[in-house]
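**Q** I would like to see how this sequence folds:
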Amino acid sequence: MPYRRFLWPALGAVAAVVIALVATSLGDNLTYYLTPSEAVAERGSSEGRFRLGGLVVEGSLTEDGNVKRFQVTDGAETIDVELNAPAPPLFAEGIGVVVEGQWEGESFLADLALIRHDENYVVPTTFP
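**A** So this is what the prediction gives:
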């Protein structure tokens, strides 16, 4: 049966192509976030968009129309953030947040905000 000589190499080639496609596309779709300390340390070396994650500082949230201004901290560094997009419904001071955007002068200009919570998430009875 001569087709068996070609069957295993062909299956191996198909498997290699599938693995290569999955590995390359997975790398493009993973998005990591930087803590404020990491973002400040890499500020001069990296330009463009990235995600910034930390806690919203208590007492720092102000709203001016659709723009929300607040500070994000990791305990070591604090960054001023300007969010020019609708905030998630559970957005508040003192919670974990991931914002996506880029540096704009000394502050971070964001156009996307995501709320971080653990596996013990409980829906609040009232919304802010």
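**Q** With only the CA atoms kept, save the helix or strand containing D80 in PDB.
**A** According to DSSP states H and E, D80 maps onto strand 78-83. The C-alpha trace of strand 78-83 is given here as PDB (Å, rounded to 0.1, in the frame of the first residue of the first chain):
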ATOM      1  CA  THR A  78       0.500  57.100  40.600                       C
ATOM      2  CA  ILE A  79      -0.600  58.100  37.100                       C
ATOM      3  CA  ASP A  80      -3.200  60.700  36.100                       C
ATOM      4  CA  VAL A  81      -5.700  59.200  33.700                       C
ATOM      5  CA  GLU A  82      -8.200  60.900  31.400                       C
ATOM      6  CA  LEU A  83     -10.900  58.500  30.200                       C
END
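**Q** Following element in sequence after it, please.
**A** strand 96-104.
**Q** Three-state assignment for R4, please.
**A** helix (DSSP: H, G, I helix; E, B strand; the rest coil).
**Q** hey, what's the residue nearest to Y32 when sequence neighbours are not counted bridged with?
**A** Distances taken as Cβ to Cβ, 6 or more residues apart in numbering place R51 nearest to Y32, at 7.0 Å, with adjacent residues excluded. Every residue, glycine included, has its C-beta placed from N, CA and C. Residues in a beta bridge with R51, per DSSP bridges, are Y33, E100.
**Q** Let me see the contact set for E93.
**A** 56-61, 70 (Cβ atoms under 8 Å, 6 or more residues apart in numbering).
**Q** quick one on the thing from earlier: in terms of secondary structure, what does the strand holding D80 contact?
**A** helix 36-41, strand 50-56, strand 67-73, strand 96-104, strand 107-115 (3 or more Cβ pairs under 8 Å, 6 or more residues apart in numbering; DSSP states H and E).
**Q** Which strands and helices lie in contact with the second one?
**A** Applying 3+ Cβ pairs under 8 Å, 6+ apart, we find strand 50-56 packed against strand 33-34, helix 36-41, strand 67-73, strand 78-83, strand 96-104.
**Q** now swap in the shortest one and tell me
**A** In terms of contact count using 3+ Cβ pairs under 8 Å, 6+ apart, helix 36-41 is assigned the packing partners strand 50-56, strand 78-83.
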